[in-house]
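Asks: A structural model of the following input is requested.
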Amino acid sequence: MRLVLALFLALVALAVAFARRTNALDTRLRRLPLLLGLLALLLAVSSALVVIPAGHVGVVDLFGQVSATTLKSGIRLVNPLARVVTMSVQTQELKESMDVPSKEGLNVQLDVSAMYHLDPERASEIYRTVGANYVDVLFVPQFRSTSRGVTAGYDARSLYTSQREQLADVITQVLRERVGPRGIIVEGTPLRRLTLPKDLTASIEEKLRAELRLVFGVRAMAAPIPGHRVT
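Replies: All right, here's what the predicted structure looks like:
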(Lines give C-alpha, C1' and ligand atoms only; values in the text may rest on other atoms or scores of the structure.)
Protein backbone atom coordinates (compact mmCIF):
# COMPACT_ATOMS: atom_id res chain seq x y z
CA MET A 1 0.00 0.00 0.00
CA ARG A 2 2.81 2.41 0.86
CA LEU A 3 4.57 1.56 -2.40
CA VAL A 4 1.44 2.33 -4.40
CA LEU A 5 1.06 5.65 -2.59
CA ALA A 6 4.72 6.47 -3.25
CA LEU A 7 4.32 5.80 -6.96
CA PHE A 8 1.21 7.95 -7.03
CA LEU A 9 3.01 10.86 -5.36
CA ALA A 10 5.95 10.48 -7.73
CA LEU A 11 3.61 10.74 -10.72
CA VAL A 12 1.97 13.80 -9.23
CA ALA A 13 5.38 15.36 -8.66
CA LEU A 14 6.34 14.74 -12.29
CA ALA A 15 3.08 16.23 -13.48
CA VAL A 16 3.56 19.32 -11.34
CA ALA A 17 7.15 19.70 -12.51
CA PHE A 18 6.09 19.46 -16.15
CA ALA A 19 3.34 22.04 -15.60
CA ARG A 20 5.88 24.29 -13.90
CA ARG A 21 8.12 24.20 -16.94
CA THR A 22 5.22 25.30 -19.10
CA ASN A 23 4.48 28.18 -16.67
CA ALA A 24 1.00 26.82 -16.06
CA LEU A 25 1.29 27.07 -12.28
CA ASP A 26 1.68 29.91 -9.84
CA THR A 27 5.21 30.56 -8.54
CA ARG A 28 4.06 29.61 -5.02
CA LEU A 29 3.84 25.98 -6.19
CA ARG A 30 7.37 25.79 -7.52
CA ARG A 31 8.56 23.86 -4.47
CA LEU A 32 5.71 21.38 -4.58
CA PRO A 33 7.39 18.90 -6.98
CA LEU A 34 10.43 18.68 -4.69
CA LEU A 35 8.30 18.09 -1.60
CA LEU A 36 6.17 15.48 -3.31
CA GLY A 37 9.28 13.78 -4.67
CA LEU A 38 10.88 13.61 -1.21
CA LEU A 39 7.67 12.27 0.32
CA ALA A 40 7.42 9.63 -2.40
CA LEU A 41 11.04 8.62 -1.78
CA LEU A 42 10.45 8.28 1.97
CA LEU A 43 7.35 6.16 1.42
CA ALA A 44 9.18 3.96 -1.08
CA VAL A 45 12.05 3.37 1.37
CA SER A 46 9.70 2.70 4.30
CA SER A 47 7.77 0.15 2.23
CA ALA A 48 11.00 -1.84 1.84
CA LEU A 49 11.68 -1.89 5.60
CA VAL A 50 9.94 -4.25 8.00
CA VAL A 51 10.30 -4.68 11.76
CA ILE A 52 10.25 -8.26 13.06
CA PRO A 53 9.33 -8.26 16.80
CA ALA A 54 11.46 -10.05 19.38
CA GLY A 55 10.55 -13.72 19.66
CA HIS A 56 9.23 -13.86 16.09
CA VAL A 57 10.48 -14.65 12.62
CA GLY A 58 9.31 -13.24 9.32
CA VAL A 59 8.21 -15.38 6.37
CA VAL A 60 8.54 -13.63 3.01
CA ASP A 61 5.70 -14.35 0.57
CA LEU A 62 6.17 -12.81 -2.88
CA PHE A 63 3.06 -13.49 -4.98
CA GLY A 64 2.76 -17.04 -3.62
CA GLN A 65 6.49 -17.80 -3.71
CA VAL A 66 7.60 -18.40 -0.12
CA SER A 67 11.27 -17.80 0.62
CA ALA A 68 13.05 -20.69 2.34
CA THR A 69 15.01 -18.19 4.46
CA THR A 70 13.18 -16.58 7.36
CA LEU A 71 13.85 -13.08 8.69
CA LYS A 72 15.20 -12.78 12.22
CA SER A 73 13.95 -10.20 14.71
CA GLY A 74 14.94 -6.59 14.07
CA ILE A 75 14.71 -4.14 11.16
CA ARG A 76 15.00 -5.95 7.83
CA LEU A 77 15.13 -4.82 4.22
CA VAL A 78 12.74 -6.72 1.93
CA ASN A 79 11.25 -6.51 -1.51
CA PRO A 80 8.57 -3.81 -1.23
CA LEU A 81 6.23 -5.98 -3.31
CA ALA A 82 6.52 -8.93 -0.90
CA ARG A 83 4.24 -9.69 2.04
CA VAL A 84 5.98 -10.51 5.33
CA VAL A 85 4.10 -12.80 7.74
CA THR A 86 5.38 -12.74 11.32
CA MET A 87 5.22 -16.01 13.26
CA SER A 88 5.98 -16.46 16.96
CA VAL A 89 8.80 -18.78 18.03
CA GLN A 90 8.21 -18.16 21.74
CA THR A 91 7.06 -20.87 24.13
CA GLN A 92 3.28 -21.15 24.07
CA GLU A 93 0.80 -23.10 26.18
CA LEU A 94 -2.21 -24.93 24.82
CA LYS A 95 -4.74 -25.95 27.48
CA GLU A 96 -7.21 -28.74 26.78
CA SER A 97 -10.01 -30.31 28.84
CA MET A 98 -11.32 -33.49 27.27
CA ASP A 99 -13.01 -36.79 27.97
CA VAL A 100 -10.54 -39.60 27.34
CA PRO A 101 -11.01 -43.40 27.55
CA SER A 102 -9.26 -45.66 30.02
CA LYS A 103 -8.14 -49.21 29.28
CA GLU A 104 -11.47 -50.50 30.61
CA GLY A 105 -13.40 -48.16 28.33
CA LEU A 106 -14.36 -45.73 31.10
CA ASN A 107 -14.53 -41.99 30.40
CA VAL A 108 -12.00 -39.94 32.33
CA GLN A 109 -11.93 -36.13 32.51
CA LEU A 110 -8.41 -35.00 31.61
CA ASP A 111 -7.08 -31.45 31.96
CA VAL A 112 -3.71 -31.29 30.24
CA SER A 113 -1.45 -28.61 28.79
CA ALA A 114 1.03 -28.68 25.94
CA MET A 115 4.12 -26.47 26.08
CA TYR A 116 5.51 -25.95 22.58
CA HIS A 117 7.16 -23.53 20.19
CA LEU A 118 7.73 -23.22 16.47
CA ASP A 119 11.12 -24.25 15.12
CA PRO A 120 12.55 -21.01 13.63
CA GLU A 121 14.34 -22.92 10.88
CA ARG A 122 11.10 -24.63 9.76
CA ALA A 123 8.79 -21.60 9.88
CA SER A 124 8.78 -21.12 6.09
CA GLU A 125 8.05 -24.79 5.51
CA ILE A 126 5.14 -24.96 7.93
CA TYR A 127 3.72 -21.71 6.53
CA ARG A 128 3.92 -23.11 3.00
CA THR A 129 2.49 -26.57 3.81
CA VAL A 130 0.02 -25.78 6.62
CA GLY A 131 -0.38 -22.02 6.97
CA ALA A 132 0.01 -19.39 9.65
CA ASN A 133 -2.86 -21.00 11.62
CA TYR A 134 -0.88 -24.24 12.02
CA VAL A 135 -1.88 -24.52 15.69
CA ASP A 136 -5.59 -25.02 14.93
CA VAL A 137 -5.04 -26.99 11.72
CA LEU A 138 -2.26 -29.34 12.84
CA PHE A 139 -1.25 -29.13 16.48
CA VAL A 140 -4.60 -29.13 18.30
CA PRO A 141 -6.00 -32.23 16.49
CA GLN A 142 -2.75 -34.15 16.99
CA PHE A 143 -2.62 -33.20 20.68
CA ARG A 144 -6.17 -34.38 21.30
CA SER A 145 -5.71 -37.58 19.32
CA THR A 146 -2.45 -38.38 21.11
CA SER A 147 -3.92 -37.78 24.57
CA ARG A 148 -6.89 -40.06 23.91
CA GLY A 149 -4.73 -42.75 22.34
CA VAL A 150 -2.23 -42.84 25.19
CA THR A 151 -4.76 -42.91 28.05
CA ALA A 152 -6.52 -45.85 26.39
CA GLY A 153 -3.49 -47.96 27.31
CA TYR A 154 -3.82 -47.32 31.06
CA ASP A 155 -6.41 -48.65 33.47
CA ALA A 156 -8.34 -46.19 35.59
CA ARG A 157 -6.68 -47.17 38.85
CA SER A 158 -3.19 -46.57 37.43
CA LEU A 159 -4.26 -43.15 36.18
CA TYR A 160 -5.65 -42.30 39.61
CA THR A 161 -2.64 -43.46 41.62
CA SER A 162 0.94 -43.86 40.52
CA GLN A 163 1.31 -43.51 36.76
CA ARG A 164 0.32 -39.92 36.07
CA GLU A 165 3.88 -38.76 35.47
CA GLN A 166 4.49 -41.70 33.18
CA LEU A 167 1.31 -40.85 31.27
CA ALA A 168 2.51 -37.25 30.76
CA ASP A 169 5.91 -38.47 29.55
CA VAL A 170 4.35 -40.87 27.04
CA ILE A 171 2.01 -38.17 25.68
CA THR A 172 5.01 -35.86 25.23
CA GLN A 173 7.05 -38.51 23.42
CA VAL A 174 4.27 -39.57 21.05
CA LEU A 175 3.32 -35.96 20.30
CA ARG A 176 6.94 -35.12 19.51
CA GLU A 177 7.09 -37.98 17.03
CA ARG A 178 3.94 -36.74 15.29
CA VAL A 179 4.52 -32.99 15.04
CA GLY A 180 8.30 -32.69 15.36
CA PRO A 181 8.97 -33.51 11.69
CA ARG A 182 6.53 -30.76 10.72
CA GLY A 183 8.45 -28.07 12.61
CA ILE A 184 6.74 -27.92 16.02
CA ILE A 185 8.93 -28.53 19.07
CA VAL A 186 7.06 -29.99 22.07
CA GLU A 187 8.63 -29.07 25.41
CA GLY A 188 6.27 -31.01 27.67
CA THR A 189 2.66 -31.97 28.39
CA PRO A 190 2.02 -31.50 32.12
CA LEU A 191 -1.21 -32.92 33.53
CA ARG A 192 -3.24 -30.36 35.46
CA ARG A 193 -6.04 -32.61 36.67
CA LEU A 194 -7.42 -36.08 36.05
CA THR A 195 -10.93 -36.81 37.29
CA LEU A 196 -12.55 -40.25 37.44
CA PRO A 197 -16.26 -40.95 37.91
CA LYS A 198 -17.22 -40.44 41.58
CA ASP A 199 -18.32 -44.02 42.21
CA LEU A 200 -15.09 -45.35 40.68
CA THR A 201 -13.01 -42.94 42.73
CA ALA A 202 -14.74 -44.05 45.92
CA SER A 203 -14.18 -47.71 45.03
CA ILE A 204 -10.48 -47.19 44.34
CA GLU A 205 -9.99 -45.25 47.55
CA GLU A 206 -11.73 -47.97 49.55
CA LYS A 207 -9.49 -50.65 48.02
CA LEU A 208 -6.42 -48.57 48.79
CA ARG A 209 -7.51 -48.17 52.43
CA ALA A 210 -8.13 -51.92 52.69
CA GLU A 211 -4.68 -52.66 51.30
CA LEU A 212 -3.10 -50.24 53.75
CA ARG A 213 -4.96 -51.82 56.69
CA LEU A 214 -3.80 -55.26 55.54
CA VAL A 215 -0.17 -54.14 55.20
CA PHE A 216 -0.09 -52.47 58.60
CA GLY A 217 -1.89 -55.43 60.16
CA VAL A 218 0.70 -57.91 58.87
CA ARG A 219 3.50 -55.70 60.12
CA ALA A 220 1.92 -55.49 63.56
CA MET A 221 1.60 -59.28 63.76
CA ALA A 222 5.22 -59.71 62.69
CA ALA A 223 6.56 -57.23 65.25
CA PRO A 224 8.15 -58.88 68.38
CA ILE A 225 6.27 -58.60 71.69
CA PRO A 226 8.19 -56.39 74.18
CA GLY A 227 9.75 -58.45 77.01
CA HIS A 228 9.13 -61.75 75.21
CA ARG A 229 12.22 -63.75 74.36
CA VAL A 230 12.11 -66.49 71.79
CA THR A 231 13.84 -69.75 72.97
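Asks: Look up how far residue 176 lies from residue 130.
Replies: Here the criterion is Cβ to Cβ, to the nearest Å. By it, residue 130 lies 17 Å from residue 176. Every C-beta, even on glycine, is put in place using the N, C-alpha and C of the backbone.
Asks: And the helices in the protein?
Replies: Using DSSP state H, the helices assigned to the chain run over residues 2-21, 32-47, 123-129, 134, 140-151, 156-160, 164-179, 198-222.
Asks: Stretch 81-98: end-to-end distance?
Replies: Taking Cα to Cα, to the nearest Å, the span from the opening residue of stretch 81-98 to its closing residue is 45 Å.
Asks: same thing with stretch 69-79?
Replies: Stretch 69-79: ends 14 Å apart by Cα to Cα.
Asks: One more: stretch 73-82?
Replies: By Cα to Cα, the extent of stretch 73-82 from end to end equals 17 Å.
Asks: next one: stretch 130-142
Replies: 14 Å.
Asks: That stretch: which residues count as buried?
Replies: Using 16 or more other Cβ atoms under 10 Å as the test for burial, stretch 130-142 gives 130, 134-135, 138-139, 142.
Asks: same question, stretch 119-127
Replies: By neighbour count on 16+ other Cβ under 10 Å, the buried set for stretch 119-127 is 120, 122-127.
Asks: repeat for stretch 59-76
Replies: In stretch 59-76, counting by 16+ other Cβ under 10 Å, buried: 59-61, 66-67, 70-71, 73.
Asks: and the strand ranked longest in the chain, average pLDDT?
Replies: With DSSP state E setting the assignment, residue counts place strand 107-118 as the longest strand in the chain. Strand 107-118 carries an average pLDDT of 93.
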